[in-house]
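Peer 1: just the structure for this:
(one chain, ligands or ions: 1)
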Amino acid sequence: MAAKRIFTAAMATETNTFSPIAIDRRAFEESFYAAPGAHPETATLCTAPIPVGRRFCAAEGWELIEGSAAWADPAGLVSGPAHVGLRDEILDQLRAALPVDAVVLGLHGAMVAQGCDDPEGDLLARVREIVGPEVLVCAELDPHSHLTAKRVAAADFFVVFKEFPHTDFVDRAEDLWRIVVDTLHGRVRPVMSTYDCRMIDIFPTSRQPMRGFVDRMMRIEAEDARVLSLSAIHGFMAGDVPEMGTKMIAVTDGDAALGAELAERLGQELFANRGRHMMPVLSGEEAVAQAMAAEVFPVVIADIWDNPGGGTAGDATVVLKALMARGATGVAVGTIWDPIAVGLCTAAGVGGVMPLRFGAKSAPDTGEPVDALVRVEAVEPEAAMVFGESVVPFGPAALIALLDATGQDTGVQVILNTVRAQSYDPSLFTAMGIDPTAQKILVLKSTNHFYAAFAPIAAKILYCSAGKPYPNDPATNPYRFVRPDIWPRVADPFATGA
Ligand SMILES: [Zn+2]
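Peer 2: Residues are numbered from 1 along each chain as shown. You can find the predicted model right below:
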């Protein structure tokens, strides 16, 4: 068979439409941007189809034509010029690559731009228009995305990360490429079926019932050759767009009826467990009290809603203030976003002692700024942590020790950062010279991605809901565009016949 030509590119971010942090082209370039051919060998979450595609195409002797890869850390709306610029850059690269046998994209699936509530659907529809109906078009998605009808119509199939924390982005990129290779060899004919669960929830796979659900999806894939891939779109409740919500995807080998039946059966299972997926959550005060009463360390307090990975600034001080008020010691906070304070600490230099105001500047319900005498312990212009196989920058960053009025250490250290990043991994602390295992209490900004890397070193993990920096209650979030007839906005959307 003639060598195949396949085009690949990535365009990804996760947009919290309630976030004040606007995203422009520079934000993509600061988070992750690779020009055609310049993507590193290491996979980076939503761009995994590119490095994984190199391996698959090399093994087949096929030609992989790489377009741009861009990822911006989750935040607010993407500017019109940034969105259109990236989109047209990739479409121009695709036109120049023609003819191709397949287009394999890395998308997140929850981007919202000024003037466009479905940039991925828009991109896929334009790709389809360029390549025509016969060329295979597919993408890897993050489950925290919106599965719009426009996307489903434009693409042949999607493969979605199954795990939350997303530890499987490389595995799922391999699934995506296996199906591409089998399709181009004529061995399978992927058909995508979807089911709308009419709900929105949070689905950590580190606990039941979602752990069992993911294991069952994988068992069905392994045991039934007609099933090429199963995915749950969790949905992303901070995206105020009409098609926000939980959906199921079944990709079968030409068996749409089987796919529809599977998607509905699995989707109804998610619906039946609505409200039971989320981990138990403590208030800030409860979490601090439990952490201070612990006898084995370190205790991790996850400030789950001030998660830059969900588009917040990551500068809430509610938990830190509660710890300070109770006189907690052995505390390390990673991180509080405050570029201005980092600039001041950098100017003061390591060893510098100064009064500093930091945190809680981005939005209401993030607490009050902290005013303290501090000593600058470390300054790292290019601080970074690891996440699986990825490297996640969060610097320039400064580590400060909080002092009391007499200049004595209070036993509380805080990492201030410039590039917003959620707390993925203990290397966040070691990068700043802190041994996380030697602390009593570690405060993190992450909903659940931290879990895989912190669980092995943590004596205890406390999920904490403090303040409301994130629209975390879909029953009461001030949506303007989300459809009203999904749970929990209504008790049972299926019963209403709506
Ligand atoms: Zn996600």
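Peer 1: leaving out sequence neighbours, find the closest residue to the closest residue to the ion within the chain.
Peer 2: Of all residues in the chain, the one sitting closest to the ion is His144 (3.5 Å; C-beta to the ion). From N, CA and C alone the C-beta is placed, and that goes for glycine too. Closest residue to His144 apart from its sequence neighbours, by C-beta to C-beta, 6 or more residues apart in numbering: Phe236 at 4.3 Å.
Peer 1: and the one you found, how many residues sit next to it?
Peer 2: 26 (other C-beta atoms under 10 Å).
Peer 1: can you give me the strands in the stretch 351-498 of the chain?
Peer 2: 353-358, 370-380, 384-387, 390-393, 397-403, 409-417, 441-444, 460-465 (DSSP state E, counting those that start in this stretch).
Peer 1: in CSV, list those along with mean neighbour count and mean pLDDT.
Peer 2: What follows is the strands of the stretch 351-498 of the chain, written out as CSV (neighbours: other C-beta atoms under 10 Å; pLDDT from 0 to 100):
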stretch, mean neighbour count, mean pLDDT
strand 353-358, 18, 98
strand 370-380, 20, 98
strand 384-387, 21, 93
strand 390-393, 20, 87
strand 397-403, 25, 98
strand 409-417, 24, 98
strand 441-444, 30, 98
strand 460-465, 21, 96
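Peer 1: got TSV for those, with distance to His83 too?
Peer 2: Listed next are those as TSV, based on distance: least, C-beta to C-beta, whole Å:
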stretch	distance to His83
strand 353-358	32
strand 370-380	32
strand 384-387	25
strand 390-393	23
strand 397-403	29
strand 409-417	26
strand 441-444	31
strand 460-465	32
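Peer 1: could I get these as a markdown table with distance to the ion?
Peer 2: Below are the strands of the stretch 351-498 of the chain laid out as a markdown table (distance: least, C-beta to the ion, whole Å):
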| stretch | distance to the ion |
| --- | --- |
| strand 353-358 | 28 |
| strand 370-380 | 27 |
| strand 384-387 | 12 |
| strand 390-393 | 13 |
| strand 397-403 | 24 |
| strand 409-417 | 20 |
| strand 441-444 | 16 |
| strand 460-465 | 17 |
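Peer 1: the ones you listed: which one's closest to Asp255?
Peer 2: Closest to Asp255 of the strands of the stretch 351-498 of the chain is strand 390-393 (C-beta to C-beta; 35.8 Å).
Peer 1: give the pairing partners of that closest one; include direction for each.
Peer 2: Sheet pairing of strand 390-393 (DSSP bridges) gives strand 384-387 (antiparallel).
Peer 1: close to the ion: what parts of the protein are there?
Peer 2: The chain comes close to the ion at residues 142, 144, as judged by C-beta under 5 Å from the ion.
Peer 1: low-confidence ranges in the chain?
Peer 2: For the chain, applying pLDDT under 70 flags the ranges 496-498.
Peer 1: would you map the helices across it?
Peer 2: 25-31, 49-60, 80-97, 119-131, 149-154, 169-184, 210-223, 256-272, 284-293, 318-325, 339-348, 427-430, 451-454, 493-496 (DSSP state H).
Peer 1: Throw those into JSON lines and include mean neighbour count, thanks.
Peer 2: Converted to JSON lines, the helices of the chain look like this (neighbours: other C-beta atoms under 10 Å):
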{"stretch": "helix 25-31", "mean neighbour count": "18"}
{"stretch": "helix 49-60", "mean neighbour count": "20"}
{"stretch": "helix 80-97", "mean neighbour count": "18"}
{"stretch": "helix 119-131", "mean neighbour count": "21"}
{"stretch": "helix 149-154", "mean neighbour count": "17"}
{"stretch": "helix 169-184", "mean neighbour count": "22"}
{"stretch": "helix 210-223", "mean neighbour count": "15"}
{"stretch": "helix 256-272", "mean neighbour count": "18"}
{"stretch": "helix 284-293", "mean neighbour count": "19"}
{"stretch": "helix 318-325", "mean neighbour count": "22"}
{"stretch": "helix 339-348", "mean neighbour count": "19"}
{"stretch": "helix 427-430", "mean neighbour count": "22"}
{"stretch": "helix 451-454", "mean neighbour count": "21"}
{"stretch": "helix 493-496", "mean neighbour count": "13"}
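Peer 1: contacting residues for the nearest residue to Arg198 once chain neighbours are set aside?
Peer 2: Of all residues not flanking Arg198 in the chain, Pro493 sits nearest, at 4.0 Å (C-beta to C-beta, 6+ apart). Residues near Pro493 by C-beta atoms under 8 Å, 6 or more residues apart in numbering: 198-199, 485-487.
Peer 1: Pro190 contacts Phe157, doesn't it?
Peer 2: Yes. Proximity of Pro190 to Phe157 meets the contact threshold set by C-beta atoms under 8 Å, at 4.5 Å.
Peer 1: find residues that contact each of the two.
Peer 2: 138, 179, 228-229, 251.
Peer 1: show me just the buried residues among those residues.
Peer 2: Buried subset of those (neighbour count, 16 or more other C-beta atoms under 10 Å): 138, 179, 228-229, 251.
Peer 1: circling back to that earlier point, pick out the most distant pair among the shared contacts of Pro190 and Phe157.
Peer 2: Pairwise distances across the shared contacts of Pro190 and Phe157 peak at 10.8 Å for Cys138 and Leu228 (criterion: C-beta to C-beta).
Peer 1: tell me, what's touching those two both at once?
Peer 2: Both Cys138 and Leu228 are contacted by 157, 179, 190, under the criterion C-beta under 8 Å, 6+ apart.
Peer 1: which one of those residues is nearest to Ala222?
Peer 2: Lowest distance from Ala222 to the shared contacts of Cys138 and Leu228 (C-beta to C-beta) belongs to Ile179, with 14.5 Å.
Peer 1: quick one: residues contacting that closest one.
Peer 2: The contact partners of Ile179, taken as C-beta under 8 Å, 6+ apart, are 138, 157, 159, 188, 190, 228-229, 251.
Peer 1: who's in contact with the nearest residue to Gly61 once chain neighbours are set aside?
Peer 2: Leaving aside its sequence neighbours, Gly61 sits nearest to Ala3 (C-beta to C-beta, 6+ apart; 5.7 Å). By C-beta under 8 Å, 6+ apart, the contact set of Ala3 is 60-63.
Peer 1: separation between the residue nearest in space to the middle of the chain and Ala10?
Peer 2: Residue closest to the average C-alpha location in the chain (C-alpha atoms, centre = their mean): Gly309, at 5.3 Å. Counting by C-beta to C-beta, to the nearest Å, the gap from Gly309 to Ala10 is 18 Å.
Peer 1: what do you get for Ala475?
Peer 2: For Ala475, the distance to Ala10 (C-beta to C-beta) stands at 34 Å.
Peer 1: between those two, who's got more neighbours?
Peer 2: Higher neighbour count among Ala475 and Ala10: Ala10, with 30 against 10, using other C-beta under 10 Å.
Peer 1: surely that one touches Leu107?
Peer 2: Yes. Counting by C-beta under 8 Å, Leu107 is a contact partner of Ala10 at 7.1 Å.
Peer 1: anything in contact with each of these two?
Peer 2: Cys46.
Peer 1: for burial, what's the neighbour tally of Tyr424?
Peer 2: With other C-beta under 10 Å as criterion, Tyr424 counts 24.
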